[in-house]
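> only geometry, no sequence info:
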């Protein structure tokens with residue numbers, strides 16, 4: 001094609017942009033409500049405002065809770081707000097309330113309605129949502145009758161109605177799976193539809209994804225979404241007859257996001273201890289692989305296979321577990337081992353490629369990992385306690401993994417060092433130690449397992465990390481991504 005031409009320039013840094021028509025758009029943008037606005041100021045007023053900005057450069061103002069978020073830093077008075085923009089008139093109009101932190105929105109083309117929801121607070125976020133429905137070209141706005149009691153997981157127009165997935169969190173806390181409700185877009189009245197205890201996203205873990213793409217879509221009178229079942233995730237259809245049906249191939253792996261057009265689902269997924277690729281299928285049809293971004297990388301590097309190691313814990317619960325053998329494994333030699341524990345707790349290990357674990361295997365370690373109770377994908381009995389945390393006795397499922405009697409793991413390598421993929425996986429244990437735990441584990445925090453004395457192992461020759469071999473696995477993990485050449489797929493979209 002030719003040289004790109006400027007279409008329009010938004011006065012905000014948009015986080016999400018939705019096309020209404022050729023010149024109208026819905027967008028979300030993050031605003032700092034404590035920021036000094038210089039627009040329209042002149043003379044002494046502008047000078048005074050600039051002086052105020054300079055004065056506040058050496059400190060932060062904290063006047064609400066939370067004022068900090070993991071991975072984001074200071075979030076005090078930062079709000080994601082919903083706007084309507086007309087590029088012909090170059091006009092930007094705020095749709096959401098001043099202090100609402102908008103989580104998501106949806107537009108119904110047939111009725112010209114927009115729904116949006118989020119936490120609306122000025123001083124303290126109580127983790128409850130409010131939801132509004134407004135005419136995009138009109139004055140009417142209706143507040144849906146949530147009574148500020150629910151946390152909303154999803155809300156979309158489906159078949160002329162508003163389908164809600166939400167919960168009060170009274171049974172299992174903040175990570176409680178939602179129930180389905182219907183809301184009348186004209187009156188805001190809400191009625192419960194059914195409680196199928198659905199998981200509404202893929203929570204299958206991997207350290208090789210950027211994120212992005214959509215995991216939900218209304219198609220006719222049905223609603224489709226990604227859902228974790230066991231330790232895999234699929235595309236699921238929900239219908240108003242209160243049924244859920246898995247419509248994607250029931251293969252091991254994770255479907256992270258999808259789109260739908262012309263009777264075809266296009267989606268980003270991982271399969272067979274692999275990295276992300278784009279696949280497609282018809283509803284209830286066979287899967288077809290469309291891309292091969294990472295085939296060469298996986299074929300040219302040493303990737304150790306996953307072997308199932310499922311067992312029954314002391315409470316009689318079946319636990320899903322795996323072991324990755326050291327690259328170049330020789331059953332006549334002995335090897336050190338690592339127990340890898342995930343945090344969350346509402347997440348699961350599965351079969352996608354895990355860069356960190358493959359690094360340990362290339363460093364000459366057995367890697368054990370499993371899904372303790374409290375994770376996702378197995379319904380109500382696997383849920384959290386009232387605070388949303390895994391119960392401590394159930395978090396110890398890793399203690400009971402049958403790592404012995406494996407003759408390749410010498411007695412002096414047990415107890416195993418522990419590595420945690422999130423702060424809670426180590427912190428939860430460290431805050432509630434008991435005598436058995438102290439004997440069983442050397443606690444690892446933030447990807448920092450201790451090295452077993454006298455167990456330094458030379459990396460396998462085919463390892464992509466061999467030329468950066470480190471004396472400590474945690475140090476190796478910090479350099480691993482610098483030498484990884486794999487491609488990460490952000491999203492699949494149908495056109």
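Nice, thanks for sending it over. Source: prediction; values computed, not measured.
> Flag the shaky bits of the stretch 1-150 of the chain, pLDDT-wise.
In the predicted model of the stretch 1-150 of the chain, residues 1 satisfy pLDDT under 70.
> what does the stretch 301-450 of the chain give?
Scanning the stretch 301-450 of the chain with the threshold set as pLDDT under 70 gives 380-415, 421-450.
> Could you pull out the helices in it for me?
Counting by DSSP state H, counting those that start in this stretch, the stretch 301-450 of the chain has helices at residues 355-362, 392-395, 423-431, 435-440.
> need the contact list for the nearest residue to residue 304 once chain neighbours are set aside.
Leaving aside its sequence neighbours, residue 304 sits nearest to residue 361 (C-beta to C-beta, 6 or more residues apart in numbering; 4.2 Å). C-beta coordinates here come from the backbone N, C-alpha and C atoms, glycine included. For residue 361, the contact set (C-beta atoms under 8 Å, 6 or more residues apart in numbering) comprises 304, 324-327, 367.
> could those be laid out in a markdown table, adding distance to residue 164 and neighbour count?
Converted to a markdown table, the contacts of residue 361 look like this (distance: C-beta to C-beta, whole Å; neighbours: other C-beta atoms under 10 Å):
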| residue | distance to residue 164 | neighbour count |
| --- | --- | --- |
| 304 | 44 | 21 |
| 324 | 41 | 25 |
| 325 | 47 | 18 |
| 326 | 49 | 23 |
| 327 | 48 | 21 |
| 367 | 41 | 24 |
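> All the strands of the stretch 201-350 of the chain, in order from the start?
All strands of the stretch 201-350 of the chain, identified by DSSP state E, counting those that start in this stretch, fall at 216-219, 222-229, 232-239, 243-246, 254-261, 264-270, 277-281, 288-289, 306-308, 311-312, 318-319, 321-324, 337-341.
> right, so of those, which gets closest to residue 353?
Ranking the strands of the stretch 201-350 of the chain by distance to residue 353, with C-beta to C-beta as the measure, places strand 264-270 first at 6.4 Å.
> Can you give the distance from that closest one to the centre of its chain?
How far strand 264-270 lies from its chain's middle: 17 Å, per C-alpha atoms, centre = their mean, to the nearest Å.
> do the same with stretch 330-342
With C-alpha atoms, centre = their mean as the basis, stretch 330-342 stands 29 Å off its chain's centre.
> List the buried residues for it?
Buried residues in stretch 330-342, counting neighbours by 16 or more other C-beta atoms under 10 Å, are found at 334-342.
> okay if I get these as JSON lines plus distance to residue 287?
Converted to JSON lines, the buried residues of stretch 330-342 look like this (distance: C-beta to C-beta, whole Å):
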{"residue": "334", "distance to residue 287": "41"}
{"residue": "335", "distance to residue 287": "36"}
{"residue": "336", "distance to residue 287": "38"}
{"residue": "337", "distance to residue 287": "35"}
{"residue": "338", "distance to residue 287": "33"}
{"residue": "339", "distance to residue 287": "33"}
{"residue": "340", "distance to residue 287": "29"}
{"residue": "341", "distance to residue 287": "32"}
{"residue": "342", "distance to residue 287": "27"}
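> Of those residues, just say which sits nearest to residue 68.
Using C-beta to C-beta, the buried residues of stretch 330-342 come closest to residue 68 at residue 342, 23.5 Å.
> tell me the contacts of residue 318?
Contacts of residue 318 (C-beta under 8 Å, 6+ apart): 310-312.
> any idea how far the residue nearest to residue 304 is from residue 301?
Using C-beta to C-beta, to the nearest Å, residue 361 is found at 11 Å from residue 301.
> same thing with residue 58?
48 Å.
> and if you look at residue 419?
Distance from residue 419 to residue 301, counting by C-beta to C-beta: 21 Å.
> do the same with residue 247
34 Å.
> which one of residue 58 and residue 301 has more residues nearby?
Of the pair residue 58 and residue 301, residue 301 is the one with more neighbours under other C-beta atoms under 10 Å, namely 18 against 6.
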